[in-house]
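# attaching a predicted model along with its sequence, questions to come.
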Amino acid sequence: MTAIVTGAARGIGRAVADRLRADHEVLLVDRDPAVADLGGIVADVTDPADRAAILEAVEGEITVLVNNAGITRDARIVKMTEEQLLAVLRVNLGAAYELTRAAIPRFAEGASVVSLASRAYLGNFGQFNYSASKGGLVGMTRALALELAPRVRVNAIAPSLTASEMTAAMPEDVLQKMIASIPLGRMAEPAEIAETIAALASPAMAYVTGQVVVACGGRSLA
């Protein structure tokens, strides 16, 4: 049983790969060369040749695909360049679609696809491109769940603020203001998001498809 995790060199992706190892052979994929030190392969999911290399590295069938690779290019829309818009859509949405589509012939019966959306799909100031890409992932998830059923389940998770290199680099006052808006009073840990992803991917969730789990500590309720 092989699980593919993209964007697996650090953060949520690495936590997901670590968690899935309990039940699967895991192929870690990332553009960052550091992934090779973790036993993964260096690949750009937006590149057709690299996507082919990812699938060639899998022996047998694919049981889980976690579309986690993503980037940000934040700017107010009046200052956002076309390059910033298209780059985010290309990686966050386009690459997830292309890898999932390429993997369809290799999916095992009962396989699971989980894509990393974000609470930002509900809209974030200064993240028009990112919000659009994550909203696209939500739509893709629902559409693919219909097309790939009953053989493959397709779900998404939409985390809110999660401890990462990105959040560590934020100004402390901005970070604390965001945390104050979360009813649970803290950021998520990557391992917590990984547990939710592992649950969505597991046979225990065999009757769940086309859903988006908003893992936001209650922020969407506030």
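Received it, and whenever you're ready, just let me know what you need.
# what is the longest strand of the protein by residue count?
strand 107-116 (DSSP state E).
# mind listing what that one pairs with, with the direction of each?
If you go by DSSP bridges, strand 107-116 pairs up with strand 62-67 (parallel), strand 152-159 (parallel).
# quick one: the first one to chain centroid distance?
The gap between the average C-alpha position of strand 62-67 and the chain average comes to 11 Å, counting by C-alpha atoms, centre = their mean, to the nearest Å.
# what mean pLDDT does it get?
When pLDDT is averaged over strand 62-67, the result is 98.
# hang on, the earlier thing: export the longest strand of the chain as CSV, just CAs?
Taking C-alpha atoms only, strand 107-116 is exported to CSV below (Å, rounded to 0.1, in the frame of the first residue of the first chain):
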residue,chain,number,x,y,z
PHE,A,107,-5.4,3.9,-7.8
ALA,A,108,-6.3,0.8,-5.8
GLU,A,109,-9.9,-0.1,-5.2
GLY,A,110,-11.0,2.0,-2.1
ALA,A,111,-8.1,4.5,-2.6
SER,A,112,-8.4,7.9,-1.0
VAL,A,113,-7.4,11.4,-2.2
VAL,A,114,-7.1,14.2,0.3
SER,A,115,-6.2,17.7,-0.8
LEU,A,116,-5.0,20.5,1.4
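# just name the shakiest helix or strand of this structure by mean pLDDT.
helix 165-168 (a mean of 75; mean pLDDT, DSSP states H and E).
# list the buried ones in that helix?
Residues of helix 165-168 include none that count as buried (16 or more other C-beta atoms under 10 Å). Any C-beta I mention is one placed from the backbone N, CA and C, and that applies to glycine too.
# quick check: closest non-adjacent residue to Glu25.
Thr2 (4.8 Å; C-beta to C-beta, 6 or more residues apart in numbering).
# give me the beta-bridge partners of that neighbour?
Counting by DSSP bridges, the residues bridging with Thr2 are Glu25, Ile62.
# what is the burial count for it?
20 (other C-beta atoms under 10 Å).
# list the contacts for it?
Thr2 makes contacts with 24-27, 58-64, as judged by C-beta atoms under 8 Å, 6 or more residues apart in numbering.
# mean confidence for the longest strand of the chain?
98.
# tell me the helix or strand right after that strand.
Next in sequence after strand 107-116, counting helices and strands by DSSP states H and E, comes helix 128-148.
# if we can go back for a sec, distance between the longest strand of the chain and the chain's centre?
That offset, for strand 107-116, works out to 13 Å (C-alpha atoms, centre = their mean).
# next, the angle from it to helix 128-148.
160 degrees (axes from the mean of the first three to the mean of the last three C-alpha atoms, to 10 degrees).
# contact partners of strand 107-116?
In contact with strand 107-116 (C-beta under 8 Å, 6+ apart) are residues 1, 7, 12, 61-68, 70, 96, 100, 137, 140-141, 144, 148, 151-157, 159, 197, 200-203, 205-206.
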